[in-house]
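Visitor: Fold the following.
(chains A and B)
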Amino acid sequence: MHSKASAVNLQLSLNARRQRHLRGFVFGSILAGVILLVGMQSGSFEQSAGILADVILQKVHQQTLSQEQYLQWYVFSELRAPRMVMAMFIGALLAMSGCAMQGLVRNPLADPGLIGISGGAAAAAATALALINHFPELEAGGQYLIAFSAFIGALLAVWIVLIVARTPAGMAISSLILAGVAVNALAGTHIGAISYMANDDALRQITYWTMGSLGGVTWSKVLFVGALSVPIIGLYMHLRQPLNLFALGENEAQCMGLEVNKYKRFILWVVAFSVALATALCGIIGFVGLVVPHIARTLFGADHKYLMPACGLLGAILMLAADTASRALFPPLEIPIGIVTSAVGAPFFLYLLAKQKRGGAIA
Amino acid sequence: MYKYLSFILCLTTTFIHAPVQADVSASTSDKGAAHSMRIIASGGSITEVIYALGKEQYIVATDSTSLYPAEAAALPKLGYFRQLSTEGILGFAPTHLFGAQATGPETLATQLESAGIKVHIFTEQRDLSGLQQMISEMGQLLDTPNKAQALNTQIEQQVAKLKYEARIRSQDPREKQGAITALFVMSDSDRGLTVAGGNTVPQSLFDDAGIINAAKDLPDYKVMDNESILAANPDIIFVASHRAKEPDALARLCQHPALKATNAGRNCVISTMESSSALGLSPRYPDALKRIIQKTAAFYAPELAHAQ
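Guide: Numbering: from 1, shown residues only, chains lettered A, B, ... in the order given. Okay, the predicted model is just below:
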């Protein structure tokens, strides 16, 4: 009788939790919508919802636009809309990769940058920038060369880390993190050497690249990232159960039937691929992967079943808000988005460390 | 639920500033002059040339390096010219963007052209002929070719006169026996001096003044280590004025470990050069050259050292 009552109570509590999380997701989606609306109207170019609605209606009815209306349409459709969509994809990818990374190493202070992804991307991008500056004939396809190099650089860094961290007994998390530190140091040295040799132009471009920006986003880039993001997000959703098992400890996960080493490698490659994609196209956007999983854990708990989609949603929201802020805070200037996210993320990280020091558990 | 509320409150604060918009009052106030150009000038040289051609009334905004003349410094600023925001520019409803070579980011020109704005990026050769080329191109773009021609002639005559007065016969200082060596310092730190190497405006000024650039083998602006500076042993140092604002800056620089044992350091032969005319292409090129020639005249033509 007693156990039956407990089972009923557990079921009720699970239902209540599901209800609460569902409300959270609905609320998050509404919030994303609100920020989208605010973001559409914020920026250096004056654009109100009313005028924009008029222009869109005219466009729908295929009426000819005046020069002023064309500008309104252009700013909305070619400048703001693609970067807002991109911000959501990149935010979701970065946050979900952070969630997977923290789940895998069972350390809430883990960040995808830990295994050298951003360092490798930056080193390769800096090399490409310096090469383009030295060989002007490369300039035509410059942005693609930079993105491609950054992508390859990121994956190469992870590959080196994985090789170094491999032991006969499988992959040790501690070796993984130490190898990441070494690869990051190597990447830093490489960037330093390139910067020292680079000319004034290349040097500044390298600096700006590392700050991250959504300024050059076009619809073709959004389509490219979108087409790759959808399956990656699907993979992250598939990884929720293994990550929950990892939370029990590697041995326990193994006992529960999880192929620990296989999943470890798989998760790391998915993380590497998604962060490499984001970094290649938008530069280094720090702290989203670190901070968002924490906020999500506070709101939705530690169960990856809810945590993973919550991270995706919150990552998208945070990046949308950061992009809006980067455009709207100091018009006509645009602050690189990497600076906005770091400005929010770094103090939050310090807060987490301080909380840990006081003996409090980190969420 | 309070967690959600605090979260939304947090985000709301981000948007408090959101309605702040660029000052676009100018864009709506002159609708009558629909045919006027509305120019975004990106790069100090570009802005200065537009002013020199008397077309400054068309400039609606500039980048943060456009600080000369003083009126240009008061124009709305769009940030650093290598990293301009497309939306920030469009907020001023411009018709044209005239930009220095490094104007960016890469996607800027394409985005602005798609929005119907004419973009012209100047290829800058960092010497007198590069300056003249830029003035001629700008004259064409602003429909004042005659004025541009007159300005070019004036600059050319001034430079020729200065070179004659300084009795400089050789165009290539490296072939000239006994030519003095100068170093242009852009900034200093205890780790070394950032100096103007080859392919810079100071290099061109030194060439025209018939003196050797101690850093000619370095490309662009680079940190030159102390030993290399001692080996090059410059006779005179020029410092960008923005780095020598405090009264004892020059005396302090003479004591820099890299400089104090050189010819220039021992006698503290050091002069400031106005940064915007000495570091970038400017119609004030002859003024910069004049200053260099005056300051170096004592080495080879003592009677000109005090001439104006």
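
Visitor: Could you use CA atoms for every contact and neighbour count after this?
Guide: OK.

Visitor: Downstream of the lengthiest helix in chain B, the next helix or strand is which one?
Guide: For chain B, the helix with the greatest residue count under DSSP state H is helix B:145-165. Later in the chain than helix B:145-165, the nearest helix or strand by DSSP states H and E is strand B:181-189.

Visitor: which intervals of chain B have sub-threshold pLDDT?
Guide: Applying pLDDT under 70 to chain B flags the ranges B:1-35, B:167-178, B:300-308.

Visitor: the domain parsing of it - what is it?
Guide: Split into domains by automatic domain parsing, chain B comes to B:36-122, B:173-302.

Visitor: ok, now which ones touch A:Gln143?
Guide: Counting by Cα atoms under 8 Å, 6 or more residues apart in numbering or on different chains, A:Gln143 makes contact with B:Glu106.

Visitor: What strand or helix carries it?
Guide: Counting by DSSP H and E, the element that carries A:Gln143 is helix A:142-165.

Visitor: Do a quick rundown of the helices in chain B.
Guide: Going by DSSP H, chain B shows helices at B:2-15, B:25-29, B:44-52, B:70-73, B:86-90, B:108-114, B:128-141, B:145-165, B:201-209, B:226-232, B:249-254, B:263-267, B:275-279, B:285-300.

Visitor: Then the stretch 151-300 of chain A?
Guide: Using DSSP state H, counting those that start in this stretch, the helices of the stretch 151-300 of chain A run over A:173-197, A:200-211, A:219-238, A:240-246, A:250-255, A:260-282, A:288-300.

Visitor: what packs against the fourth one?
Guide: Spelled out, that is helix A:240-246. helix A:81-105, helix A:250-255, helix A:304-328 (3 or more Cα pairs under 8 Å, 6 or more residues apart in numbering or on different chains; DSSP states H and E).

Visitor: picking up where we left off before, mind giving me JSON lines with the domains of chain B and columns for mean neighbour count and distance to chain A?
Guide: Below are the domains of chain B laid out as JSON lines (neighbours: other Cα atoms under 10 Å in any protein chain shown; distance: least, Cα to the nearest Cα, whole Å):
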{"stretch": "domain B:36-122", "mean neighbour count": "21", "distance to chain A": "4"}
{"stretch": "domain B:173-302", "mean neighbour count": "19", "distance to chain A": "6"}
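
Visitor: okay if I get the ones you listed as TSV plus distance to A:Leu203?
Guide: As requested, the domains of chain B are exported to TSV (distance: least, Cα to Cα, whole Å):
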stretch	distance to A:Leu203
domain B:36-122	11
domain B:173-302	11
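
Visitor: The ones you listed: which one's closest to A:Cys311?
Guide: Closest to A:Cys311 of the domains of chain B is domain B:36-122 (Cα to Cα; 29.8 Å).

Visitor: Give me the secondary structure label for the residue lying closest to A:Gln69 once chain neighbours are set aside.
Guide: Of all residues not flanking A:Gln69 in the chain, A:Val55 sits nearest, at 6.3 Å (Cα to Cα, 6 or more residues apart in numbering or on different chains). Recorded secondary structure, A:Val55: helix (DSSP: H, G, I helix; E, B strand; the rest coil).

Visitor: Who are the contact partners of the residue nearest to B:Glu274 when sequence neighbours are not counted?
Guide: Using Cα to Cα, 6+ apart and skipping the chain neighbours, the partner closest in space to B:Glu274 is B:Ser241 (5.0 Å). Going by Cα under 8 Å, 6+ apart, B:Ser241 touches B:272-275.

Visitor: For the stretch 151-300 of chain A, which residues are neighbours of chain B?
Guide: Listed as neighbours of chain B in the stretch 151-300 of chain A under the rule Cα under 8 Å from any Cα of the partner chain: A:199-201, A:208, A:215-216, A:299.

Visitor: same thing with the stretch 1-150 of chain A?
Guide: So far as Cα under 8 Å from any Cα goes, the stretch 1-150 of chain A lies against chain B at A:24, A:31, A:38, A:42-46, A:70-71, A:74-75, A:79, A:143.

Visitor: between those, which has the most around it?
Guide: Using other Cα atoms under 10 Å in any protein chain shown as the neighbour criterion, A:Gly43 leads the residues of the stretch 1-150 of chain A next to chain B with 31 neighbours.

Visitor: May I ask you to confirm that that one belongs to a helix?
Guide: No. In this structure, A:Gly43 is coil, not part of a helix, as judged by three-state DSSP.

Visitor: Name the nearest residue to it, ignoring sequence neighbours.
Guide: Nearest to A:Gly43 is A:Ala328, by Cα to Cα, 6+ apart, at 4.5 Å.

Visitor: relative orientation of the helix holding A:Gln143 and helix A:200-211 in degrees?
Guide: If you take axes from the mean of the first three to the mean of the last three Cα atoms, to 10 degrees, helix A:142-165 sits at 60 degrees to helix A:200-211.

Visitor: List the buried residues in helix A:142-165.
Guide: In terms of neighbour count (16 or more other Cα atoms under 10 Å in any protein chain shown), helix A:142-165 has its buried residues at A:142-143, A:145-159, A:161-162, A:164-165.

Visitor: How about exporting that helix as CSV, limited to the C-alpha atoms?
Guide: The C-alpha trace of helix A:142-165 is given here as CSV (Å, rounded to 0.1, in the frame of the first residue of the first chain):
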residue,chain,number,x,y,z
GLY,A,142,39.2,35.6,-48.8
GLN,A,143,36.3,35.2,-46.5
TYR,A,144,35.7,31.6,-47.6
LEU,A,145,39.4,30.8,-47.2
ILE,A,146,39.3,32.2,-43.7
ALA,A,147,36.2,30.3,-42.7
PHE,A,148,37.5,27.1,-44.2
SER,A,149,40.9,27.4,-42.6
ALA,A,150,39.3,28.2,-39.2
PHE,A,151,37.0,25.1,-39.5
ILE,A,152,39.9,22.8,-40.4
GLY,A,153,42.1,24.4,-37.7
ALA,A,154,39.5,23.7,-35.1
LEU,A,155,39.1,20.1,-36.1
LEU,A,156,42.8,19.6,-36.3
ALA,A,157,43.3,20.9,-32.8
VAL,A,158,40.7,18.5,-31.5
TRP,A,159,42.2,15.6,-33.4
ILE,A,160,45.6,16.3,-31.8
VAL,A,161,44.0,16.6,-28.3
LEU,A,162,42.2,13.2,-28.9
ILE,A,163,45.4,11.5,-30.0
VAL,A,164,47.4,12.7,-27.1
ALA,A,165,44.6,11.9,-24.6
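
Visitor: so how far is it off the chain centroid?
Guide: 16 Å (Cα atoms, centre = their mean, to the nearest Å).

Visitor: average pLDDT across that helix?
Guide: For helix A:142-165, mean pLDDT rounds to 91.

Visitor: now stretch A:345-357
Guide: For stretch A:345-357, the per-residue pLDDT averages 78.

Visitor: Check the most centrally placed residue in chain A and give its pLDDT.
Guide: Nearest to the mean C-alpha position of chain A, by Cα atoms, centre = their mean, lies A:Leu94 at 1.8 Å. Here the pLDDT value assigned to A:Leu94 is 95.

Visitor: Quick check: the gap between it and chain B.
Guide: 19 Å (Cα to the nearest Cα, to the nearest Å).
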